[in-house]
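# Build me a model:
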Amino acid sequence: MVVGHDMRLYCWGNNSYGQTSRPSTSQPVPVTSECVKVNFNPQTVVCGWEHTVVLDVDGAVHSWGSNEFGQLGDGSEESRRDPQKVHSLEGEKVTQVACGAHSTAAVTSSGDVMVWGRHTLSNLPHRVHLPLKALAVACGFSHAVAVTVEGRLFSWGYNEHGELGHGDTFAGLRKPRQIVHFR
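Numbers count the residues shown, from 1 in each chain. The predicted structure follows:
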């Protein structure tokens, strides 16, 4: 999926959970004309394993697709084919979004990181406790990394293959830990 220069959403590929916002199909969706009709101006689009998240120009977040692990942020585990605003983020101006396989993360204008979905302990957005304000967040399959405004990196999530950057492998971290190499 991509935001075109005309501010419309274009999509292609797997649509097994409605993540392209088209009628369900077992065949991949080819690149065609605009495929997602929305009533907001999209700024950024990010995709997880089977869900899609859009940040609009006003700082609101919209999501659709698979919701098996609460990755759509609506408090349910019901999938949907149409974009809906993540109402629990109302009052927050979001500046950046990221998707893991089955989770979603966002950075607010106040520097907070919000997460929801698989391995986040909630299917509603909630704050990750960082000691400094965040500038950006990135998600891997089952882990996340945030960079602070001071340039420090913090990671959390699964670490079976050392993806947290702490020089070891272990089950993982529920709370962010600074990656000391980048102090």
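# I'd assumed E77 was in a helix, is it?
No: assigned with DSSP: H, G, I helix; E, B strand; the rest coil, E77 falls outside any helix and is coil.
# list the contacts for it?
Residues near E77 by CB atoms under 8 Å, 6 or more residues apart in numbering: 67-70, 123. For every residue, glycine as well, the C-beta is placed using N, CA and C.
# mind running it again at 7 Å?
Shown in contact with E77 (CB atoms under 7 Å, 6 or more residues apart in numbering): 67-68, 70, 123.
# same question, S63
With CB under 7 Å, 6+ apart, S63 has these contacts: 51-53, 72-73, 83-84, 86, 104.
# need the next SSE after the helix or strand bottoming out on mean pLDDT in the chain, C-terminal direction.
Here the helix or strand of the chain ranked lowest by mean pLDDT, DSSP states H and E is strand 9-10, holding a mean of 80. Following strand 9-10 in sequence order, the next helix or strand is strand 42-47 (DSSP states H and E).
# doesn't K37 make contact with L9?
No: contact criterion CB atoms under 7 Å: L9 and K37 do not qualify, at 8.5 Å.
# count of neighbours near the closest residue to V2 other than its chain neighbours?
Closest residue to V2 apart from its sequence neighbours, by CB to CB, 6 or more residues apart in numbering: Y10 at 5.4 Å. Per other CB atoms under 10 Å, the neighbour tally for Y10 reads 17.
# how much space between Y10 and H62?
Distance, Y10 to H62, using CB to CB, to the nearest Å: 16 Å.
# Point out where this structure drops to low pLDDT.
Within the chain, the ranges that satisfy pLDDT under 70 run 22-35, 183.
# Tell me where it has strands.
2-3, 9-10, 42-47, 51-56, 61-65, 80-85, 94-99, 103-108, 113-117, 122-128, 134-139, 143-148, 153-159, 170-178 (DSSP state E).
# partner strands of the fourth one, parallel or antiparallel?
Pairing partners of strand 51-56, with direction, according to DSSP bridges: strand 42-47 (antiparallel), strand 61-65 (antiparallel).
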